[in-house]
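[1] When you get a sec, could you give me coordinates for this:
(chains A, B, C, D and E, ligands or ions: 4)
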Amino acid sequence: MNVNSSVSNSSVSIKDLSLNFGAVSVLKDLNLDINDGEFLVLLGSSGCGKSTLLNCIAGLLDASEGQIFIKGKNVTWEEPKDRGIGMVFQSYALYPQMTVEKNLSFGLRVAKVPQAEIDKRVARASEILQIQPLLKRKPAELSGGQRQRVAIGRALVRDVDVFLFDEPLSNLDAKLRSELRVEIKRLHQSLKNTMIYVTHDQIEALTLADRIAIMKSGIIQQLDDPTTIYNRPRNLFVAGFIGSPSMNFLRGELVKSGDGIAFSANGVIFSLAAYDANEVLQPGRKVVLGVRPEHIKVNENVGGEEHDATVDIEEPMGADNLLWLKHAGHTMSVRVNGARRFNVGAKVKLSFDMTVASVFDAESELRL
Amino acid sequence: MNVNSSVSNSSVSIKDLSLNFGAVSVLKDLNLDINDGEFLVLLGSSGCGKSTLLNCIAGLLDASEGQIFIKGKNVTWEEPKDRGIGMVFQSYALYPQMTVEKNLSFGLRVAKVPQAEIDKRVARASEILQIQPLLKRKPAELSGGQRQRVAIGRALVRDVDVFLFDEPLSNLDAKLRSELRVEIKRLHQSLKNTMIYVTHDQIEALTLADRIAIMKSGIIQQLDDPTTIYNRPRNLFVAGFIGSPSMNFLRGELVKSGDGIAFSANGVIFSLAAYDANEVLQPGRKVVLGVRPEHIKVNENVGGEEHDATVDIEEPMGADNLLWLKHAGHTMSVRVNGARRFNVGAKVKLSFDMTVASVFDAESELRL
Amino acid sequence: MTGQAQAGRPIKLLRNLNAKIASIPMILTALVIFVGGTFWTVFYSFTNSKLLPRLSFVGIDQYERLWAAPRWVTAIENLALYGVLSLIFSLVIGFMLAALMDQKIRFENTFRTIFLYPFALSFIVTGLVWQWVLNPDFGIQSVVRSMGWTSFTFNPLYTPEIVIYGILIAALWQGTGLVMCLMLAGLRGIDEDIWKAARVDGIPMWKTYLFIVIPMMRPVFITTIVIIASGIVKVYDLVVAQTSGGPGISSEVPAKYVYDYMFQAQNLGQGFAASTMMLVTVAIIIVPWAYLEFGGGRKRG
Amino acid sequence: MADVGTLNTTVAGIDAVAPRLGEGPSGAKPRPALSSRNIMLYGTLTIAALYYLLPLYVMVVTSLKGMPEIRLGNIFSPPMEITFEPWVKAWAEACTGLNCDGLSRGFWNSVRITVPSVIISIAIASVNGYALANWRFKGSELFFSILIIGAFIPYQVMIYPIVIILREIGIYGTLTGLVIVHSIFGMPILTLLFRNYFVSLPEELFKAARVDGAGFWQIFLKIMLPMSLPIFVVAMILQVTGIWNDFLFGVVFTRPDTYPMTVQLNNIVNSVQGVKEYNVNMAATILTGLVPLIVYFVSGRLFVRGIAAGAVKG
Amino acid sequence: TDLEVTHWWTSGGESAAVAELAKAFDATGNHWVDGAIAGSGGTARPIMISRITGGDPMGATQFNHGRQAEELVQAGLMRDLTDVATAEHWKDIIRPASLLDSCTIDGKIYCAPVNIHSWQWLWLSNAAFKKAGVEVPKNWDEFVAAAPALEKAGIIPLAVGGQPWQATGAFDVLMVAVAGKDTFNKVFKDKDAEVAAGPEIAKVFKAADDARRMAKGSNVQDWNQATNLVITGKAGGQIMGDWAQGEFALAGQKAGTDYTCLPGLGVNEIISTGGDAFYFPLLKDEEKSKAQAVLAKTLLDPKTQVAFNLKKGSLPVRGDVDLAAANDCMKKGLDILAKGNVIQGTDQLLSADSQKQKEDLFSEFFANPSMTPEDAQKRFAKIIASAD
Ligand SMILES: Nc1ncnc2c1ncn2[C@@H]1O[C@H](COP(=O)(O)OP(=O)(O)OP(=O)(O)O)[C@@H](O)[C@H]1O
Ligand SMILES: Nc1ncnc2c1ncn2[C@@H]1O[C@H](COP(=O)(O)OP(=O)(O)OP(=O)(O)O)[C@@H](O)[C@H]1O
Ligand SMILES: [Mg+2]
Ligand SMILES: [Mg+2]
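    Ligands and ions are numbered 1, 2, ... in the order given. Now for the predicted structure:
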């Protein structure tokens, strides 16, 4: 056994992992340590390599370079079944010709686990997931949500250390998705396994994760807890990727203004007195100012100057109302309470909450 | 021409429409009047008959019974092309081997529209949709959003009175979806055509619609503007269908309480003094109380009594934070500001905003 | 660290050993029979082997003789004519039948069975039946004559100029059913919405087929063409059963030339040279296709 | 339930505004059964069907006539006097050389050849397709490409080398040898079919089984096979008809006492005793084609489905 | 012992003849397993050869004696029959001697000839000529002259089947008749291309041109179907080997009354002495080897020879048998044979390869009226030039 002190306290540890499909390099020198019992979400847009990474961890794809440790053991060349992982797929991947019960027990039967033990584990898993009434049915006779539950059960019976989920909820409709999301969260709270969860839905990522790894083109952009990711995105990409609608970005430069520093774009000045890290800001620097839609107040001053804007589009979404405003030559989205309604073309005053804004270097795109 | 006074002021009018597939009745005696220039959204879960209705309007399916009028003309037996409609499909349905330009102009060329006119219309449509740079490309070389824009363009060049959209955004990812949603909204504001839009995404429905028709099993449950639908759902189905997470429902009965009426469930009393229609409420009636997650306040009194609850699950979603609370034997979802965080197991106090709650008869399931 | 990992790295050849073992029959077939056999044949085409293969090289003599032989030239011409016509007609007829079948017709099963059943019959049987139907003394010609049109002449099998069409009729009868099936499967795979979009655009049915659906069915057409083409190159039994290459040499085909010279004329060298030429023809058509279709490797998640 | 209540109120609400049906067309557009479209459609199909049925009809009719009636001429006229003599003769009495037991002997030979050949060739090809779809290894695509190109190589090119190879292993002229030959030549197209089919199955299923610990054979037998009925039917039909109908291999790789039915058919048809006995020939022809025909009639529907699943991929 | 014997004798007369061989062999206590392969030599030979080279040889097999099995012998696949031949004195009884020469390679004998077939016969239907109102012709020229009359009566003058060897055979027959024995030998034995391109052969092509014209409309494939046209009076005549006689006999027709035979086309009474022979592949099984020897002996047994050849319509290979039962035509043949007016068959003179090329040429020539005799002759000369 290759027990290695640097990885022994993490459940899954990936060292310098690279993976190429022919000439295309999909994962690039990736490092990732996942703690025991942690719920880690891999978030990124389509094609960024999330599934590829997950498949590497599962042993379904061979790494081109690098190593993978699970529970301190080097499993880089182990068969999937010997890695102590269970996996749940987007399309459920239930064996269509087997009943739910057979689906759950297939892996155990293949591994020649004694029947009594199989029965026990199936019973336990189906109790946890409340699928006892479905045991005799075939997958075709189940609804999407039920299928996904069975798929989770299949990982559950294997009594593994690490659960891998590859977009398990993408095929479900919005309502079911939010229901199962809660169930998975509850499952994690009760099992306390390590879980690695791939998704491109940021709501899932934000709600489920202990930590989120945001990926782009095979590289992890930021690995942090959801709050940090949301409030202090490391770079422009993360800032734009997380949050719906996107953070508003304004390109401009830093200027001196009275006693402190301010941001100027298209001749409009925004005081940055309230910005949390304003000691690193130097005048003259080209920067991008990012403000989330919910941090812009309409006709309600939260400190700092007020800006004139016109309502361009209103999108009432029930609890919230989303406004698209024209302001000094760019469009801005602002989220207000669903009860507040505006007319298209109405003139309003905006106030920016700079305590929670972000300033990025225009060139390196890193947060300052 | 069968101009009929009762339909002349509406753009599309459907009378007693029924449609059966063999023995299965999919649409049942459906009546619907859509005003000129209105944006009507057909909202319902999968299989409820939305597409079927849209296809009937387009003339792609023959009604079993009933009539359809467009611009006052009875088109029940007309060919699709003669109905003055344009249609946009979920799968885009672009002709894959033709360039974007050919896709846009093919229908016109077949209809022997003069070339000059074709050029003019294509130019106009591509300008509106900003797809001029794509005109020479083939669909395979376009992104999903671009494809959908071309599909809209194809309807646009036909200069039609009525636009039909069948879940045009379902195949796009979340980010693109919200972008195109805004574009469609803008398009409607500038064209002012009648638009009928099928979706099962309530956000789309709420943000886009002038009026929403909520369907279930081929029957329209409620036809109203989004605010009414959201705030005063006609029945339990609509109330539960709209809003995410769903409205919280409590089953119980009405009781007298002091000076007014109150709701009682599992021994907990909720005063309905603030309910907007409390004059129709009679004590003793079995009812369901519905309160939306954002209308429950945590540790913040908005009037009425306070209720004890325990935090079961916390789902931080960035701007908002969704709490699942255990309260008197049932689970309740509550939406709070994203900055407010709670620990699982924390004890909190809830306060219900009854001014915006709904009370439904337990039997007829209609809102009181 | 890296050292450790390398130590654990198993020998490449042994990974997925079962898959490799299971593929042995395929590998053997590919290498020994298809590659080995082909090379063997090409190799011996440069010898003057007669009844038995022997290693006495004569350079390209066999090829010179081959291309000087009127029968070979006729065979190649016939194959080209037959190939082009049967390709076109199979596709056209197969597609039209499929398009008709796709109109939600009644008795679809019956019609499909009728169109498909000849495919179950061998070329030998097909050849015999059509020889009989086209026989001038008993078949169509005599029947039409007996109905009063005494000067009616339809005798393809004994008329050198048109004998290849007689064979074509039989080949189409046998093969179009399968083409129809393939096309039907392709048509059913076309997105329903495309049809709807075309109807809303007011595009007539035939234009929709011609300009939209057929181009969309490219993969199906390719598969079909490959299947038809591989049959065309090999056409042998049908000709033997129907005309034996006659009258004269007017319905000879290359495969028959190969067989005749290899076995009847006991001139293996000549037969090998002829088969090598067939192979070259096939390679010119097929290699680019196979490369495009399978060489690049399909992308998978 | 709620529906009924809502239905009534909803409809009532709208009813108050709009009167019931207006004038003009209503309901489904009438489509006469004898529209010109239908006449064209069914007319064309029927004519095509006649073309396809004609030879079968001629075969059957001819096989039921006596020779004198055939000589009279019209091949299309129904038999004036039905005789089963030709059938009996074709099945049990027709001679080739000194053997006068008709097709009956060839029938059982064909069965003995077809059954193992079909089973073995499908078994091999399905495993190939599965390995190619799910367990690619270095070079697997190359072998596959060779195989596909091999489908185009005229059989004549390879007969001679195969004769030599079989002779060297010492199984020339045996049933084993013939089964191997059929497996070899069925391999390209069958492997293609199976590969395409297995590629079209969701790959996640395969991955799930691997995570579950199933190996190469377990996944194949327990997961893939049960899902592959349509493609197996297609393969079975293709092979049964292909092998049953085979003439060239049957004649080259067997000996007279194991000649398959097609060779016997050819012998009977070509063993002309004076005048050609067309009725016997036709009866023999039908008898020979009967097995594949029955297979088609019975499983034709599955065939089309399987073709759609395996052969035609997007 | 069971011995499988392959052959391509499947027509009516032929199989009756084979039955005689089988009967005689079975009488020796062995068993003749019949391996008939229908079609013609062209179909059957490849199968036989691939079985022999493939290591699955039969007990005995028919070939046309001559050069068809040459290489098999050279490859050591065939059994040496010299011991049987010596014991049975084949050298003395077989006549003409060229038959045994064709079986001899490097001084060893490898086959047992069973019959002599000659190609040089014109078979005429008396009924057809009667119907056309002309005399039954006495030679080729008269036949050509009678053709228009036959045609007028709706009779095809000359029946030629579609199988390529029929056209080739007819041409060879015409060559002997028109150009004579010497030219024939110069062309086929010496492979003299100059003669083949010369005026003598041009005459032959002229005759072939006539034959081609007269053969238009035959519309049959097999030789016996063509013969059947003559038998039924649908055709005036047919150039075919003496095996056609079997068909006439089977149809119950009598030479002289129902049909007429003209050896050497009535021009040059010379016959070729091709024929069939049995070869015996080398077998490992001792028992079978012995049975092979028995079979070889049986085949040349006088009684077998008579019975077989009467049915087959061919001439026996030994001169010492009594053929009283022979019919007119056969007797004519025997006479010619006795006179020594014989030539070797083209099967013996040319390799199968050259034969095939010839077949290709003449089947094309007969089917394609637009091919001029001159062009055909040029190609013919080329084939002869490269022949071996
Ligand atoms: N077998 C393969 N051969 C070549 N390229 C591949 C293969 N599998 C994946 N890729 C490429 O690798 C990249 C990453 O793919 P991957 O499936 O990991 O993306 P993903 O992040 O899971 O996306 P999605 O959200 O769409 O599932 C993509 O660009 C894809 O095209
Ligand atoms: N051609 C058909 N034959 C029989 N039933 C059909 C047919 N088309 C649709 N249906 C049935 O009609 C019902 C309504 O279908 P429809 O497509 O209108 O639903 P939808 O509301 O558009 O759903 P989705 O959101 O999934 O698109 C479904 O139950 C469906 O099964
Ligand atoms: Mg993925
Ligand atoms: Mg739909």
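[2] Which residue does the stretch 51-200 of chain E have closest to ligand 1?
    E:G54 (45.9 Å; Cβ to the nearest ligand atom). To be clear about C-beta, it is placed using only N, CA and C from the backbone, and glycine gets the same treatment.
[3] Do you know the pLDDT at that residue?
    Reported pLDDT at E:G54 in the predicted model: 77.
[4] Tell me how many other residues surround it.
    Around E:G54 there are 20 other residues, counting by other Cβ atoms under 10 Å in any protein chain shown.
[5] OK, contacts around the residue nearest to it when sequence neighbours are not counted?
    For E:G54, ignoring the flanking residues on the chain, the nearest one in space by Cβ to Cβ, 6 or more residues apart in numbering or on different chains is D:Y172 at 4.0 Å. Shown in contact with D:Y172 (Cβ atoms under 8 Å, 6 or more residues apart in numbering or on different chains): D:163, D:166, D:253, E:54-56.
[6] Out of these, which comes closest to chain A?
    Checking those against chain A by Cβ to the nearest Cβ gives D:F253 as the nearest, at 38.7 Å.
[7] Would you check how far apart the residue nearest to that closest one when sequence neighbours are not counted and D:N266 are?
    Leaving aside its sequence neighbours, D:F253 sits nearest to D:L178 (Cβ to Cβ, 6+ apart; 4.7 Å). Distance from D:L178 to D:N266, counting by Cβ to Cβ, to the nearest Å: 17 Å.
[8] now do E:T6
    For E:T6, the distance to D:N266 - Cβ to Cβ - is 15 Å.
[9] The residue in the stretch 151-300 of chain D that ligand 2 sits nearest to: neighbouring residues, count only.
    Nearest residue of the stretch 151-300 of chain D to ligand 2, counting by Cβ to the nearest ligand atom: D:P202, 20.6 Å away. Other residues lying near D:P202 total 15 when counted by other Cβ under 10 Å.
[10] For the closest residue to it other than its chain neighbours, give me its contacts.
    What sits nearest to D:P202 in space, not counting adjacent residues and going by Cβ to Cβ, 6+ apart, is A:S91, at 5.4 Å. Neighbouring residues of A:S91 by Cβ under 8 Å, 6+ apart: A:171, D:202, D:204.
[11] any residues touching stretch E:34-44, and which ones?
    So stretch E:34-44 is in contact with C:260, C:264, D:96-99, D:251, D:255-257, D:266-271, E:4-10, E:15, E:18, E:22, E:47-48, E:58, E:62, E:64, E:163-165, going by Cβ under 8 Å, 6+ apart.
[12] do stretch A:236-247 as well
    Contacts of stretch A:236-247 (Cβ under 8 Å, 6+ apart): A:43-45, A:202-203, A:206, A:214, A:216, A:221-222, A:229-230, A:233, A:249, A:288, A:290-293, A:322, A:333, A:335, A:358, A:360, A:365, A:367, B:174-175, B:178, B:318-319.
[13] Show me the residues you listed that map onto helices.
    A:202-203, A:206, A:229-230, B:174-175, B:178 (DSSP state H).
[14] Let's see if you can find the most crowded of these.
    Busiest of these [other Cβ under 10 Å] is A:I229, holding 29 neighbours.
[15] didn't it look like it was pressed against A:I220?
    No: between A:I229 and A:I220 there is no contact under Cβ atoms under 8 Å: 11.9 Å.
[16] sorry, back to before: correct me if wrong: the residue of the stretch 51-200 of chain E closest to ligand 1 contacts D:V163.
    Yes: E:G54 lies in contact with D:V163 (Cβ under 8 Å); the separation is 4.6 Å.
[17] which regions of the stretch 201-350 of chain E lie under the pLDDT threshold?
    Applying pLDDT under 70 to the stretch 201-350 of chain E picks out residues E:322-323, E:325.
[18] so where's the stretch 201-301 of chain C shaky on pLDDT?
    For the stretch 201-301 of chain C, applying pLDDT under 70 flags the ranges C:290-301.
[19] now do the stretch 51-200 of chain D
    For the stretch 51-200 of chain D, the ranges with pLDDT under 70 are D:72-73, D:95-99.
[20] redo that, cut-off 80
    Within the stretch 51-200 of chain D, the stretches with pLDDT under 80 are D:67-77, D:92-102, D:149, D:151-157, D:159, D:173.
[21] and the residue in it positioned nearest to ligand 1, how many neighbours?
    Across the stretch 51-200 of chain D, no residue is closer to ligand 1 than D:R136, which sits at 9.5 Å (Cβ to the nearest ligand atom). Neighbour count for D:R136, taken as other Cβ under 10 Å: 16.
[22] Go through the host helix or strand of E:A147 and flag the buried ones.
    Following DSSP states H and E, one finds E:A147 within helix E:140-152. Judged by neighbour count (16 or more other Cβ atoms under 10 Å in any protein chain shown), helix E:140-152 contains these buried residues: E:140-141, E:143-144, E:146-147, E:149-151.
[23] And for stretch D:64-73?
    D:64-65, D:67, D:69-70.
[24] Can you give the distance of that stretch from its chain's centre?
    33 Å (Cα atoms, centre = their mean, to the nearest Å).
[25] just stretch A:65-76 next, same as before
    24 Å.
[26] swap in stretch C:268-283?
    That offset, for stretch C:268-283, works out to 17 Å (Cα atoms, centre = their mean).
[27] same check, this time on stretch A:224-243
    10 Å.
[28] what about that stretch and ligand 1, any contact?
    No: using Cβ under 6 Å from any ligand atom, we find that stretch A:224-243 stays clear of ligand 1, coming within 13.0 Å at best.
[29] Can you tell me how far the residue at the greatest distance from the centre of chain E is from chain D?
    The centre of chain E is farthest from one residue, E:E286, which by Cα atoms, centre = their mean lies 33.9 Å away. According to Cβ to the nearest Cβ, to the nearest Å, E:E286 stands 20 Å off from chain D.
[30] same question, C:I228
    11 Å.
[31] looking at this, C:I33 is in a helix?
    Yes: checked against DSSP: H, G, I helix; E, B strand; the rest coil, C:I33 lies within a helix.
[32] Can you tell me, leaving aside adjacent residues, what's nearest to it?
    D:I184 (5.6 Å).
[33] part of a helix, is that neighbour?
    Yes: assessed with three-state DSSP, D:I184 lies in a helix.
[34] Burial check on it, number of neighbours?
    Neighbours of D:I184 under the rule other Cβ under 10 Å: 23.
[35] Let me see the contact set for it.
    Taking Cβ under 8 Å, 6+ apart as the test, what D:I184 contacts is C:29, C:33, D:162.
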